[in-house]
Structures are given as C-alpha cells and as structure tokens.
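Peer 1: let me see the structure of the following:
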Amino acid sequence: MTELATPSDPSGDHGRTLTSDAELLHRIRAGHTESWDVLIDRYQGLVYSVALRSGLDPEDAVDVAQTAFLTLLESQDSLRDEERLVGWLVTITRRQAWRVRERRHRERPAAQPLALEPDEPLDSGGLLEWEQLTVLHTAVEQLGSPCRELIRALYFDARQPTYTQIARTLGRSVGGIGPLRGRCLATLRQTMEEAS
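Peer 2: This is a model prediction of the structure:
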C-alpha cells in the first residue's frame, strides 16, 4: 500500500480530478497502482480532517487516515455504491477515530466518557456538518495552484507549518502569503457558494 503523504503534499490531483471515483476503483481493481495514488491524493485531506474533527491529535489522525485507506484497499471488491465513496470513507474514518478515542479513554480511566458511539446516527445538525466538510474538501480540490497547496498547508497539515515554511514550499515571499491567503479564501468561499 502506498504510504500516505502529509495532508499538505502539494502534488495533489493536478488535473486528474476528472476521473470519477468509480473509474478509479475499477482501475485499481485492474492493478493500476497510479490510480490508487490518485485516490489517496484526492481524499487524504478529507480523511485526515475528519479524524482531527473527531477529537484525535495529529499523530493519531494520520494513523486513522492510513487505516481508513487500508480498509478501503481490503474492501474495494465488496464496495457496492462506488459513487458514494466519500460518505463511505467518512464513516470508516469516524468509526476508526472512535475506536482510537475509546482505547485512549481506557488507558486514562479518569477521562470523561465518550459522547458519540460509532454507529450512533448523526442528528440533522451533525449530518449537515459532515456534508459541509465534504463540500469544503471538494472545493479545495477544485482550487488552482497555488491556492490549493496554500489552503492544504494552512488548514490540513498536521505539522502546522509557519508562513516561512509555506513560503519556501510555494516559492514565494513570506510577505506575500497573507494577501494570497485572503484571495484564496475568497475564491474558496465563492466556489463553495456556487456548489450549494
């Protein structure tokens, strides 16, 4: 299995987003390893952010993301509705995050009990939150370069890079990162509004 890159990996999908999830899964089943890389590039940011939003620290979130993709690799032949891959990945990630949190809870008996069971249905507010997260991830993937890489680095990277590190990665001046961030967030907001 391909090891997950950090969620801010600027390699991204770069124009390969036109291939549907169903087609990617078909190619993966046929043995095309590059399609597996495309699938991971496409969804690792979403899976990682779901793990973080489930209450995990960055290190556990990376582990959970890798487990979610390993589960997908092992379950690819039995996946029924390939066009609902995003929802499937979110569900698997939430369940695995819950298991990790439960294990951490058992390791620290004084901790508060967990509020959400893995199969507990989300109320309408919780469901809306997950749908918005999916819309956000899709909108980020639609951003052109360098906005996509900047948003990933600022909001999805477990290492929480500084503006200096981001500027170096993007080949820009440190002073230009703030204004670029504003423009990119405005573009992202517009993309999300158009999608809703």
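
Peer 1: residue nearest the centroid of this structure?
Peer 2: Taking Cα atoms, centre = their mean as the criterion, Leu46 is the residue nearest the geometric centre of the chain, at 1.7 Å.

Peer 1: any idea of the pLDDT on that one?
Peer 2: With respect to pLDDT, Leu46 scores 86.

Peer 1: likewise for Ala68?
Peer 2: pLDDT, Ala68: 91.

Peer 1: can you get me a residue count around it?
Peer 2: Look at Ala68: counted by other Cβ atoms under 10 Å, it has 28 neighbours. Where C-beta positions appear, they are placed from N, C-alpha and C, glycine not excepted.

Peer 1: end to end, how far does stretch 165-177 reach?
Peer 2: 11 Å (Cα to Cα, to the nearest Å).

Peer 1: go through that stretch and flag the buried ones.
Peer 2: Under the neighbour-count criterion of 16 or more other Cβ atoms under 10 Å, stretch 165-177 has 166-167, 169-170, 177 buried.

Peer 1: could you do stretch 24-41 as well?
Peer 2: Using 16+ other Cβ under 10 Å as the test for burial, stretch 24-41 gives 24-25, 27-28, 35-41.

Peer 1: those in helices, which ones?
Peer 2: Residues of the buried residues of stretch 24-41 located in helices (DSSP state H): 24-25, 27-28, 35-41.

Peer 1: how far does the one helix or strand His105 maps to sit from its chain's centre?
Peer 2: His105 is part of helix 85-107 when elements are defined by DSSP states H and E. Its chain's average C-alpha position is 14 Å from that of helix 85-107, according to Cα atoms, centre = their mean, to the nearest Å.

Peer 1: likewise for stretch 177-187?
Peer 2: 21 Å.
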